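1. What follows is a predicted structure for the sequence shown.
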Amino acid sequence: MAAAALDNANPTILSASQLPTRQKRSAPRNGPDCRYSDLIFAKPSYLSRPFLQDDDIRYQDDTAAAPIDEQEIYDLISNITDPEHPVSLGQLSVVNLPDIHITPSPALGVPSPNTIVHVTVELTPTVTHCSLATVLGLGVRVRLEQVLPPNYRVEVICKENSHSQDDQVNKQLSDKERVAAALENDSLRSVLDKMLESCIEN
């Protein structure tokens with residue numbers, strides 16, 4: 001029996017170093033030239049209580065909770081494995097940082113648990129006739145619904161004009177009953193599980 005033909009047998013693949021990522025802090029230095037660093041970089045006493053007012057948000061502790069932003073969403077989904085190729089959706093540019101939208105904006109701070117936050121991810125299939133566009137969308141949706149707080153609502157759609165049947169794909173991905181039925185399909189569920197194997201919790 002011949003193997004099924006791939007929708008895109010020769011996709012453009014980015015290297016991991018080309019993907020957008022948040023810079024990690026470098027490890028602290030520990031040499032003789034750093035012996036006075038604690039004194040030099042210590043927080044001044046006038047920034048400590050009781051001098052700092054509660055409503056003064058100019059100086060926030062680094063340990064304070066940060067809102068989930070577009071980069072964090074991208075980091076959660078960019079390493080999902082493509083079902084046809086042994087590379088990630090980020091490397092195939094199926095998911096792209098500028099195509100992730102969060103409302104209300106993370107710039108407004110950490111939302112309260114009662115605030116509904118909408119996350120929209122626009123996918124760009126590698127070819128306009130991709131038969132797995134719905135599966136890709138399901139993978140992204142399942143991944144985000146597994147890890148985001150319960151007040152986050154996820155919408156996954158095909159980017160406009162990126163698929164020849166983007167209206168139908170978007171309709172399938174937004175229909176909760178269809179999504180639930182798809183997730184009960186054992187063969188589809190095994191495909192999704194394989195796609196999400198590469199997602200490692202931090």
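-> Noted; the coordinates are in hand. For clarity, every value in this text was computed on a predicted model and none was experimentally measured. Numbering: from 1, shown residues only.

2. how about low-confidence regions in this protein?
-> In the prediction, the chain carries residues with pLDDT under 70 at positions 1-11, 22-64, 200-202.

3. Could I get the full set of helices for it?
-> In the chain, helices defined by DSSP state H lie at 37-40, 70-77, 133-147, 166-174, 176-183, 186-196, listed in chain order.

4. Distance to Ser112 and mean neighbour count added to those helices, as CSV?
-> (Each C-beta comes from the backbone N, C-alpha and C, glycine too.) Putting those into CSV (distance: least, Cβ to Cβ, whole Å; neighbours: other Cβ atoms under 10 Å) gives the following:
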stretch, distance to Ser112, mean neighbour count
helix 37-40, 36, 9
helix 70-77, 18, 20
helix 133-147, 19, 21
helix 166-174, 26, 17
helix 176-183, 25, 12
helix 186-196, 29, 14
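
5. Let me know which of these is the nearest to Ser105.
-> Taking Cβ to Cβ as the criterion, Ser105 comes closest to helix 70-77 out of the helices of the chain, the separation being 9.6 Å.

6. Report the angle between that closest one and helix 186-196.
-> For the pair helix 70-77 and helix 186-196, the angle between their directions (axes from the mean of the first three to the mean of the last three Cα atoms, to 10 degrees) equals 120 degrees.

7. who's in contact with helix 70-77?
-> Here helix 70-77 makes contact (Cβ atoms under 8 Å, 6 or more residues apart in numbering) with 20-22, 89-90, 95-97, 100-102, 106, 119, 121, 140, 143-144, 147, 199.

8. circling back to that earlier point, could the helices of the chain go into a markdown table alongside distance to Thr115?
-> Putting the helices of the chain into a markdown table (distance: least, Cβ to Cβ, whole Å) gives the following:
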| stretch | distance to Thr115 |
| --- | --- |
| helix 37-40 | 39 |
| helix 70-77 | 17 |
| helix 133-147 | 17 |
| helix 166-174 | 22 |
| helix 176-183 | 21 |
| helix 186-196 | 27 |
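
9. nearest to Pro111, of those?
-> Sorting these by Cβ to Cβ, the top spot, which is the nearest, belongs to helix 70-77 at 13.6 Å.

10. Please tell me how far stretch 162-173 is from the chain's geometric centre.
-> 21 Å (Cα atoms, centre = their mean, to the nearest Å).

11. who's in contact with that stretch?
-> When contacts are defined by Cβ under 8 Å, 6+ apart, stretch 162-173 is touched by residues 122-125, 128-130, 133-134, 137-138, 141, 155-160, 178-179.
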